[in-house]
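# return atomic coordinates for the entry below.
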Amino acid sequence: MKSQTMIILGTVLFPNIILANNEEESDSKSKKNIILIALDDLRTELNCYGADYMYTPNFDKFASSGVIFNRAYCNIPVSGASRASLLTGTRPTRNRFLNFATVAEEQKPDKFGINEYFQSLGYRTEVRGKIFHNPKDHVDGWDKVHEFYQPNYLKEENIKCGKLGAPYECVDVDDFEYAEGKRTLGALKDLENLSNSGQPFFYGFGFIKPHLPFVSPQKYWDIYEGKVSIPDNYRLKENNKIPLQALTKFGELRQYKGVPKEGELSEQEAKKLIQGYRACVSYVDNLFGMIINKIKELGLDKNSIIVLFGDHGWSLGEHGLWCKHTIFETMLNAPLIIYDPSSKLNGKECNEVVEFIDIFPTICEASGVPVPSQAEGMSLVPLMNNEKAKSKGYAVSRWMQGYTLLTDDNLFYTEWWDKDDNVTERMLFDHNNDPDENYNVVNNPQYKDRLNDLSKKLKNRRGAEFDKYTDN
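Numbering: from 1, shown residues only. Got it, this is the predicted structure:
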């Protein structure tokens, strides 16, 4: 039944399915494999992104072999919606792709997932861990769904708390005792099997960390012991003029045991959370290194496109905030590193502004398959082959009814709209002068001439299918 369904989909949605499924075996073997590796809540706080206090040797080594995008932005800072957008290549709109519970095939049933597309082109598709937020989302697009390990804690006192114990934990165990290690062992076996399948493959692997709770072996916590400080803007600067709509109560964190239900966290608790987050990053860095080593051992690096991304950023006390769910650089900027063995600029950095809806068409073009018409982004392949190439020069992100335009001249402009598209609040940061976003300068006369242009461009670029406002 599944194959019949895919044939029907192929004639309607996938224009080349019949041709692809009848290609010669030699053509099939020449196709590049795709390995998509996601990390949840990963911010650009890696050594390869300039954070020299971070221990991330494997991410750094991978960045030195591929193209690292320094200015990549998610289109919405929450896992479910961000992944739905990225994996369908379509922007979030006013009423669709809103929150963590987003299910792409329910909210945009006329759009297919990238896994379905490559499956229709003759690729074997497999997934382990978190790619779509909801494991049932576009599930028919996977030929095989591997076990999804859920337990987080090892300490009995946290396990007894039910789903959410303490926000952090460390135990002196090896890397494979925690769930991420078990998941990685599974990935190593998956890659062996896929390499022997005789079929081009699309493999999705998702790390859960550094998502809360921050749990990892003790040795990764020890790296940062006594080396953590709170951000300079842990408390908002005077005369900051930042709208209340841009600030959050970080309710996700407050669900955990011992976290105050309101008010700021103590500096001591803040430092512990920062240490735990960084420990998790170093933990998954080591596990990621195991996966890359296996890819090389199997020779898959010679004919595979590898895409590493964090689904959005995360705040570690900047502006007194934690988690995501709002519009600041720390939440929107996220890692994106792409390795294509045929790219001419591997080992280089790209400083062009790009956004996550660009990933779908990039994978297609790099794989030599047609870019489907639903993809709203712009392929990054030219940026991976020509140092003079330019991106479209902007990214658009959103949270609730706040929409942000990020420009190539380092302006970060946000508008909040009511149901009739009237602007209710505005925010402008100039990253040339204020990279930490401490002062909203929207009323500064210096920027008066730019505001109308920014506002017009923001509304024109907010999405191909922007919905009318509803209360649903």
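
# check which element follows the longest helix belonging to the chain along the chain.
The residue-count maximum for a helix in the chain (DSSP state H) belongs to helix 267-297. For helix 267-297, the following helix or strand on the C-terminal side (DSSP states H and E) is strand 304-310.

# what is that following strand packed up against?
If you count contacts as 3 or more C-beta pairs under 8 Å, 6 or more residues apart in numbering; DSSP states H and E, strand 304-310 packs onto strand 33-39, helix 57-65, helix 267-297, strand 336-339, helix 359-367. All C-beta spots, glycine's among them, are computed from the backbone N, C-alpha and C.

# how about TSV for those, with mean neighbour count and distance to residue 392 added?
Converted to TSV, these look like this (neighbours: other C-beta atoms under 10 Å; distance: least, C-beta to C-beta, whole Å):
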stretch	mean neighbour count	distance to residue 392
strand 33-39	24	23
helix 57-65	19	23
helix 267-297	20	30
strand 336-339	25	15
helix 359-367	23	12
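
# looking at these, which is nearest to residue 131?
The closest of the helices and strands packed on strand 304-310 to residue 131 is strand 33-39. By C-beta to C-beta, the value is 5.9 Å.

# what's the angle between that closest one and strand 304-310?
Here strand 33-39 runs at an angle of 10 degrees relative to strand 304-310 (axes from the mean of the first three to the mean of the last three C-alpha atoms, to 10 degrees).

# what does strand 33-39 contact?
By C-beta atoms under 8 Å, 6 or more residues apart in numbering, the list of residues contacting strand 33-39 from outside reads 83, 118, 123, 129-131, 194, 200-207, 209-210, 284, 288, 291, 295, 300, 303-311, 335, 363, 367.

# which regions of the protein lie under the pLDDT threshold?
1-29, 148-149, 464-466, 468-472 (pLDDT under 70).

# just how off-centre is stretch 34-43 within its chain?
6 Å (C-alpha atoms, centre = their mean, to the nearest Å).

# one more: stretch 289-299?
Here the centre of stretch 289-299 is set off from its chain's centre by 22 Å, with C-alpha atoms, centre = their mean.

# likewise for stretch 35-54?
10 Å.

# which positions in that stretch come out as buried?
The neighbour-count check on stretch 35-54 (16 or more other C-beta atoms under 10 Å) flags 35-49, 54 as buried.

# tell me the bridge partners for the residue nearest to residue 348 when sequence neighbours are not counted.
Sequence neighbours aside, residue 67 is the residue nearest to residue 348 in space, at 5.9 Å (criterion: C-beta to C-beta, 6 or more residues apart in numbering). Taking DSSP bridges as the rule, residue 67 bridges to residue 338.

# which residues sit in contact with residue 67?
Per C-beta under 8 Å, 6+ apart, neighbours of residue 67: 337-340, 343, 345-346, 348-350, 380, 383-384.

# for residue 323, same thing?
212, 248, 250, 252-253, 314-315.

# could the residues you listed go into TSV alongside secondary structure?
Listed next are those as TSV, based on DSSP: H, G, I helix; E, B strand; the rest coil:
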residue	secondary structure
212	coil
248	coil
250	coil
252	helix
253	helix
314	coil
315	strand
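
# just the buried ones out of the residues you listed, please.
Applying 16+ other C-beta under 10 Å to the contacts of residue 323 flags 212, 248, 250, 252-253, 314-315 as buried.

# quick check, nearest of these to residue 326?
residue 248 (4.8 Å).

# which residue comes closest to the closest one once chain neighbours are left out?
residue 326 (4.8 Å).

# got it, and residue 336?
residue 72 (3.7 Å).

# ditto for residue 131
Per C-beta to C-beta, 6+ apart, closest to residue 131 is residue 204, 3.8 Å.

# what's the helix or strand encompassing the one you found packed up against?
Using DSSP H and E, residue 204 maps to strand 201-207. If contacts are counted by 3+ C-beta pairs under 8 Å, 6+ apart, strand 201-207 sits against strand 33-39, helix 114-120, strand 124-129, helix 179-195, helix 267-297.

# would you format the helices and strands packed on strand 304-310 as a markdown table with distance to residue 319 included?
Output for the helices and strands packed on strand 304-310, formatted as a markdown table (distance: least, C-beta to C-beta, whole Å):
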| stretch | distance to residue 319 |
| --- | --- |
| strand 33-39 | 23 |
| helix 57-65 | 26 |
| helix 267-297 | 13 |
| strand 336-339 | 24 |
| helix 359-367 | 28 |
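
# out of those, which is closest to residue 231?
That would be helix 267-297 among those, by C-beta to C-beta, at 8.7 Å.

# which of the contacts of residue 67 sit farthest apart?
Based on C-beta to C-beta, the longest span within the contacts of residue 67 runs between 340 and 349 and measures 15.5 Å.

# those two: which is more packed in?
residue 340 (24 against 14; other C-beta atoms under 10 Å).

# my guess is that one meets residue 384, correct?
Yes - using C-beta atoms under 8 Å, residue 340 makes contact with residue 384 at a distance of 6.3 Å.
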